[in-house]
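Student: Any chance you could fold what I've pasted below:
(2 chains)
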Amino acid sequence: MNAEVKPIRTPAEQALAAAIETARAKFSSAKPVAKLREKAAMSFLESGLPHRRIEEWKYTDLRALMREAAPLAPPPDAAAIKAAKTLDPFPGIEARRLVLVNGTFVPELSDLKALEAGLTILPLARALAEGHKLTGKIGAIVPDTYDAALALNTAFLNDGIIIALEKDAKTEKPIHIIHCNVGKSPVATFARALILLGASARAHIIESFVGPDGVGYQANSALELHAGDDSKLDFVRLQAEGDTALHLATLLAEIGARVKFSLHPVTMGAALSRFSVLLRFAGAGTEGKLAAANLLRGRQHADTTLVVDHAAPGCSSRELNKSALDGASRGIFQGKIIVRHGAQKTDARMATHALLLSDNAESDNKPELEIFADDVQCGHGATSGALDETLLFYFLARGIPREQAEALLIQSFVGEAIETIAHDGLREALMERASNWLKERG
Amino acid sequence: MALLEVKNLQVEAGGKKILNGLDLSVNVGEVHAIMGPNGSGKSTFSYVLAGKPGYKITGGSARFEGEDLLALAPDERAAKGLFLAFQYPLEIPGVTTMTFLRTAVNAVRKKRGEAEISTPDFLRFVREKAAALHIDLEMLKRAVNVGFSGGEKKRNEILQMALLEPKLGVLDETDSGLDIDALKVVAEGVNKLRSKKRAIIVITHYQRLLDHIVPDIVHVMAKGKIVRSGGPELALELEKKGYAAFEQAA
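Tutor: Numbers count the residues shown, from 1 in each chain, chains lettered A, B, ... in the order given. Here you go, the predicted model:
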């Protein structure tokens, strides 16, 4: 093609380019991170926002959908911090809370006392300023393909959190990272998290995203996770952003040998959201499970793009994605399983099921398999459909009114992804959220 | 007034005529058996009574306590006191049997203008009815019918009937797929529900169920209508002669 063609920059791209210029001058940190940031900035300036001709973004044309870029969030003032106090989406659950307000880690809202033996928690901004050695791990997991959301997060990388568990260390209560957005005017936030689990460490992590309705803020977060050999991780994620928010999130995981991990993302919020996940099975004998629930309505658009990369032999992975789509909402699931050379005895299964609750809802599913080993078991399945009328009739024949029957069926449908959460309190809280969503459906 | 009065009922499904002028009158306190070969329209009749979608009523009427049954939504029919025990009870993953039962009992109570049942009262109620059907309470904690054996599914149907206390229970081939021991348990459960205030219609292909649930009146159905009615002895006659003679008569 003609290399001379310079794409026309959209207003959002121009604003982001300008913000990158400002950030370049403002942010300072030790060399490796500064270099990483600069590289990401250059990639973004070159490629711009992804559009539908970029395969990974074909259903989420960010270039068209992101009309403008919100200004970079200033550090939260006292009022913002006060407002964030009441935003915990799981107030009843005993957890070690780590609170980020508009992308800035706020120690006074966070529980940094009496850390378990072997547990280190560092505000990322401070770690960067001090040139802490753990910051050298940032950017170590590199996806095969360039991703604009991750590049933007990296270009604006300035604050967030580092959580490190030493060998054999264990979290006594879940660590809950709360991303709060507060304020009445839209801002852009770029939080970064790094989680390091040493060998045989055991951790329970919750990550949640909350913010006001109607503000149209833009939250772009990235989390890098390194799970050492024989570690165990339960990860629950709730995306309950405000109804006009833009939510872009990346989860990159490098998983060692004989690890047991489960990932439970629940997506309910934001007008436009994209959750991109890379799970790289780098050590043999690891078992990974992902069970995702999506509850969408109105004109919500939620894209979950998942790459499960089996790079080591004898691992098993199970992914289940369930979506209840109402109104004119759109649920997207792109799931790719890669089995690399030598990753024999891989057992990988992926399934995505959508329940279309209205004629205008849309479900797009794209499963992909790339298999380079010959002794593996891989499978994927995708279904989408309306509520089963035969099942509904069974409820009706027992005197249960239609709305109630539908609510029970929808709850059981998405519940399949939630009910495998090991933590009783979290499971119940998320079930209750699903139930409230159904009640609001009316 | 009969509890159920069906007159000249004609029903089509998928462009095919299935019920061809069916007449039936059931009084409170009676147990009726409807026998007939496969394809005679027995199950269709039960579905039409319960209000399953997909059937077109082309003629005739069905009245329940004098009210036009066919004009009511399925859940309203259930609240009025009609119960259908399904031939193939459906599996509902993710909804526990207990939740299902309690939701049904409360929905019906609400429509009848009664107060919701409290949790302890409901548990007592279920425990009592389940024991009579040899149903283990552990089974009720599982998702509705998921992984249940054929016998467990049918017992679960009868348990639902016991809890909903209908005026008319329609048992669609409740004996199908049951071994003799399971059949006895189910029949015993049904016999406990026989009452002067309730009518039961037992739909079956075989006579053997009627050894255990002895009907007051037996009807033979063929080609979409009742072709003969009589006492329990009619079932024995059918067993000897087979359905062929009746099909010719139809």
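Student: Now for A:F393, which secondary structure element holds it?
Tutor: helix A:389-396 (DSSP states H and E).
Student: which secondary structure elements does that helix contact?
Tutor: Helices and strands touching helix A:389-396, by 3 or more C-beta pairs under 8 Å, 6 or more residues apart in numbering or on different chains; DSSP states H and E, are helix A:402-418, helix B:74-80. Just so you know, the C-beta spots here come from the backbone N, C-alpha and C atoms, and that holds for glycine as well.
Student: looking at those helices, which has the lowest confidence?
Tutor: Between the helices and strands packed on helix A:389-396, the one with the least mean pLDDT is helix A:402-418; it has a mean of 91.
Student: That one: which residues count as buried?
Tutor: A:404-418 (16 or more other C-beta atoms under 10 Å in any protein chain shown).
Student: what inclination does the helix holding A:F393 have with respect to helix A:402-418?
Tutor: Per axes from the mean of the first three to the mean of the last three C-alpha atoms, to 10 degrees, the angle that helix A:389-396 makes with helix A:402-418 is 120 degrees.
Student: Helix A:389-396: which residues count as buried?
Tutor: Across helix A:389-396, burial judged by 16+ other C-beta under 10 Å covers A:L391, A:L392, A:F393, A:Y394, A:F395, A:L396.
Student: Reformat these as CSV; add pLDDT.
Tutor: Listed next are the buried residues of helix A:389-396 as CSV, based on pLDDT from 0 to 100:
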residue, pLDDT
A:L391, 92
A:L392, 94
A:F393, 96
A:Y394, 96
A:F395, 96
A:L396, 97
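Student: Tell me which two of the residues you listed sit farthest apart.
Tutor: Using C-beta to C-beta, those reach their maximum pairwise distance at A:L391 and A:L396, which is 9.9 Å.
Student: Between the two, which contacts overlap?
Tutor: Shared contacts of A:L391 and A:L396 (C-beta atoms under 8 Å, 6 or more residues apart in numbering or on different chains): none.
Student: quick one on the thing from earlier: mind putting the helices and strands packed on helix A:389-396 in JSON lines, distance to A:A227 included?
Tutor: Shown next, in JSON lines, are those (distance: least, C-beta to C-beta, whole Å):
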{"stretch": "helix A:402-418", "distance to A:A227": "22"}
{"stretch": "helix B:74-80", "distance to A:A227": "50"}
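Student: who are the neighbours in contact with residue 152?
Tutor: No chain in the question, so chain A it is. Here A:L152 is in contact with A:L16, A:A40, A:F44, A:F190, A:N220, A:L248 (C-beta under 8 Å, 6+ apart).
Student: I was thinking of chain B, sorry if that wasn't clear
Tutor: B:I135, B:M139, B:N145.
Student: which SSE is the residue of the stretch 151-300 of chain A found nearest chain B in?
Tutor: Nearest residue of the stretch 151-300 of chain A to chain B: A:A293, at 11.8 Å (C-beta to the nearest C-beta). Per DSSP H and E, A:A293 falls inside strand A:287-296.
Student: immediately after that strand, which helix or strand?
Tutor: strand A:301-310.
Student: I'd like to know how far the residue nearest the centre of chain B sits from A:V106.
Tutor: The residue lying closest to the centre of chain B (C-alpha atoms, centre = their mean) is B:V170, at 2.0 Å. Taking C-beta to C-beta, to the nearest Å as the measure, B:V170 falls 64 Å from A:V106.
Student: ditto for B:N191
Tutor: 69 Å.
Student: Pick out whichever of those two has more residues nearby.
Tutor: A direct count of neighbours by other C-beta atoms under 10 Å in any protein chain shown for B:N191 and A:V106 places A:V106 higher, at 21 against 13.
Student: quick revisit: near chain B, list only the ones from the buried residues of helix A:402-418.
Tutor: A:Q404, A:L408, A:L409, A:Q411, A:S412, A:F413, A:G415, A:E416 (C-beta under 8 Å from any C-beta of the partner chain).
Student: which intervals of the chain have sub-threshold pLDDT?
Tutor: Reading this off chain A. A:1-7, A:28-30, A:442 (pLDDT under 70).
Student: looking at chain B here, not the other one
Tutor: B:249-250.
Student: Can you name the residue of it nearest to chain A?
Tutor: For chain B, C-beta to the nearest C-beta, closest residue to chain A: B:G94, 2.6 Å.
Student: Show me which residues of chain B sit near chain A.
Tutor: Counting by C-beta under 8 Å from any C-beta, chain B sits next to chain A at B:50-53, B:73-75, B:77-79, B:83-84, B:86, B:89-90, B:92-95, B:99-100, B:103-104, B:107-108, B:111, B:143, B:160, B:164.
Student: Looking at those residues, which are in helices?
Tutor: Among those, DSSP state H puts B:50, B:74-75, B:77-79, B:99-100, B:103-104, B:107-108, B:111, B:160, B:164 in helices.
Student: tell me which strands and helices the helix or strand B:G169 falls within is in contact with?
Tutor: Here B:G169 sits within strand B:168-172, counting by DSSP H and E. On a contact count with 3+ C-beta pairs under 8 Å, 6+ apart, strand B:168-172 meets helix B:42-50, strand B:82-85, helix B:180-193, strand B:199-204.
Student: Run the chain-centre distance for that strand.
Tutor: 2 Å (C-alpha atoms, centre = their mean, to the nearest Å).
Student: Direction included, what does it pair up with?
Tutor: Paired strands of strand B:168-172, with direction, are strand B:82-85 (parallel), strand B:199-204 (parallel) (DSSP bridges).
Student: can you put those strands in TSV and add mean neighbour count?
Tutor: As requested, these are exported to TSV (neighbours: other C-beta atoms under 10 Å in any protein chain shown):
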stretch	mean neighbour count
strand B:82-85	27
strand B:199-204	24
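Student: could you dump those strands to TSV with distance to A:I337?
Tutor: Formatted as TSV, the strands paired with strand B:168-172 follow (distance: least, C-beta to C-beta, whole Å):
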stretch	distance to A:I337
strand B:82-85	45
strand B:199-204	49
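Student: filter the ones in helices among the residues of chain B next to chain A to the buried ones?
Tutor: B:50, B:74-75, B:77-79, B:99-100, B:103-104, B:107-108, B:160, B:164.
Student: Go through the residues you listed and say which is closest to A:V33.
Tutor: Looking across those and measuring by C-beta to C-beta, the closest to A:V33 is B:T99, at 51.9 Å.
Student: excluding its backbone neighbours, what's nearest the closest one?
Tutor: A:L408 (7.4 Å; C-beta to C-beta, 6 or more residues apart in numbering or on different chains).
Student: Also A:Y59?
Tutor: Using C-beta to C-beta, 6+ apart, the nearest residue to A:Y59 is A:I332, at 4.4 Å.
Student: Kindly report the same for A:R427.
Tutor: A:I421 (4.1 Å).
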